[in-house]
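*Asks:* 3D model of this:
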Amino acid sequence: MIAVYADETGTGGIPKSGKEPAPGVYGYLATPEYWDQFRLKWQAMLDNHGAPYFHFRELNPDFQKQNPDNYFSKWDEERKDNFIHDMAFLAGSGPIPFGGNAPQKRRKNAQMAYEEAFDCFFSDFTTQMDVHFQSEKELASFFFAKNDNEKWLCVLNAKIKIAWQRDNRIAKEYIMLDPQNSEHGRGIPCQAADMLAFVHRQNISTIYDEGLKHCRILDIIVGRKAITVGALEPLRSMEDGEFYDLIQDMRRAKKGYDTKRKRLGLQKKTFYPALEHPFIRELHLKWHAMQSALDNPIVRTSGRVSFKSLARTARQQAKQAGEKKTGA
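*Replies:* Residues are numbered from 1 along each chain as shown. So this is what the prediction gives:
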C-alpha cells in the first residue's frame, strides 16, 4: 500500500511583479510504514532547530516584512538557511517526489491552469509508481494539505475521479489534513510536500518566464529520489551522509560565489551547481561525454560505455581534489 501527501502552490493569482505563478500540485509517495518513521524524524529535526513546524512561505523575506511578529521573523538569515536545507535534506532522502504544474499566464483563466496541473500531477503519480513500485496494485491513499480555495477544490474533486478511471491505484476520495495541527502528527508529511511545492514553483516560474535553467541546490535536494536518468542520477543512490556533506559543500561554494560577486560590485545572480560546483559540474561533463560517445555507432554497439562508471570516476576525482585541497 502507498500513501501520498501533497500540497498546492501558486494559487494566489498573478502577482504585481507579473511573474508567472505556475500553479501546481506536488507530493511525496511512500509506504505507510515509511511515513510512520518519517514523522518521527521530521519532528526530531524540527526540535533540533527549535521550530514548531515548517512552512516555507513564512520563511520568505517578503512574508516576514509583512508579518514582523511571525515566529520565524526573529531568526537571522543563517539560521533560516540552515533550517531550510536540513528539512529539505530530510524531505528528499526517502519518499519519491512527483507533481505537475501549468503556466497560468498562457491559459485563459486560473481554472484551466489548475486542471492542467492536476492532470500532470496524477499522470506523474502513475509514472513514478510504475518506476518505483511496479508490483504495487493496492489502492493508494491521498492526503492533501488543508486548503480553502474553492476553485482548486472543485478541480481536485473532478480530476481525482477522472484519474481513477485511468489508473485504478488512485483512490476516488481523499483526506484533507492540517500540516501543523493534526492528531498524532498525521499531517506532518504535508510539511514536506509544502517544501517540495514551494521549491518547484520557484524554479518552474523562472523557466516559464526566462527559459530552461540548471537546477539550484534545493532543486537537487528535494527531487533527489526521483532522478533515475541524467547527469545527477548517481546522487539518488549516494549514501545519505555523503550526500549531506555534498549539500554543505555546495552551500559553502554558493556563499563564496555570492560574496565574490558582491565584492566585485556585480549584480546578484543565481548559483547553479552545474556551472559552479566542481563535483556537480564534473557529473554533467561526464554525462555529456557519454552521450557523445553513444552517438558513435562503434561505441554504441560495443556496449563499453557505462554512465555509472563515468559518474564513479567523477566522484573519485572530486574526492581526490578535495583531499589535495585539504592537504594544501
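*Asks:* backbone dihedrals for P97, please?
*Replies:* When quoted as degrees, to the nearest 10, the phi and psi of P97 stand at phi -80, psi 150.
*Asks:* where does pLDDT dip in the stretch 1-150 of the chain?
*Replies:* Judged against pLDDT under 70, the stretch 1-150 of the chain has no low-scoring part.
*Asks:* ok, now with 90
*Replies:* Within the stretch 1-150 of the chain, the ranges that satisfy pLDDT under 90 run 10-23, 60-66, 68-69, 103-105, 107-111, 134, 136-137, 148-150.
*Asks:* show me where it has helices.
*Replies:* Per DSSP state H, counting those that start in this stretch, the stretch 1-150 of the chain carries helices over the ranges 32-49, 61-66, 77-91, 110-132, 150-166.
*Asks:* ok now the second one, how far from the chain's centre?
*Replies:* Relative to its parent chain, helix 61-66 has a centroid offset of 23 Å by Cα atoms, centre = their mean, to the nearest Å.
*Asks:* keeping just the C-alphas, turn it into CSV.
*Replies:* Extracted in CSV, the C-alpha atoms of helix 61-66 (Å, rounded to 0.1, in the frame of the first residue of the first chain):
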residue,chain,number,x,y,z
PRO,A,61,11.7,37.7,3.3
ASP,A,62,8.7,39.3,1.7
PHE,A,63,6.3,37.5,4.0
GLN,A,64,8.3,38.4,7.1
LYS,A,65,8.3,42.1,6.1
GLN,A,66,4.6,42.0,6.1
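*Asks:* so which of the helices of the stretch 1-150 of the chain is nearest V4?
*Replies:* Within those, the stretch nearest V4 is helix 110-132; the backing value is 7.0 Å (Cβ to Cβ). All C-beta atoms are positioned from the backbone trio N, CA, C, and that covers glycine.
*Asks:* out of the helices of the stretch 1-150 of the chain, which gets nearest to T259?
*Replies:* helix 77-91 (13.4 Å).
*Asks:* tell me which residues of that closest one are tucked away?
*Replies:* Residues K80, F83, I84, H85, D86, M87, A88, F89, L90, A91 are the ones in helix 77-91 that count as buried (16 or more other Cβ atoms under 10 Å).
*Asks:* my guess is the second one contacts N48, does it?
*Replies:* This means F83. No: under the criterion of Cβ atoms under 8 Å, F83 makes no contact with N48, lying 9.4 Å away.
*Asks:* need the buried residues of helix 77-91 in JSON lines with distance to P179, can you?
*Replies:* Converted to JSON lines, those look like this (distance: Cβ to Cβ, whole Å):
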{"residue": "K80", "distance to P179": "19"}
{"residue": "F83", "distance to P179": "16"}
{"residue": "I84", "distance to P179": "16"}
{"residue": "H85", "distance to P179": "19"}
{"residue": "D86", "distance to P179": "18"}
{"residue": "M87", "distance to P179": "13"}
{"residue": "A88", "distance to P179": "16"}
{"residue": "F89", "distance to P179": "19"}
{"residue": "L90", "distance to P179": "15"}
{"residue": "A91", "distance to P179": "13"}
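*Asks:* ok, the residue minimising distance to the centre of the chain to A253 distance?
*Replies:* Taking Cα atoms, centre = their mean, the centroid of the chain lies closest to V222, which sits 3.3 Å from it. Applying Cβ to Cβ, to the nearest Å, the value for V222 to A253 is 19 Å.
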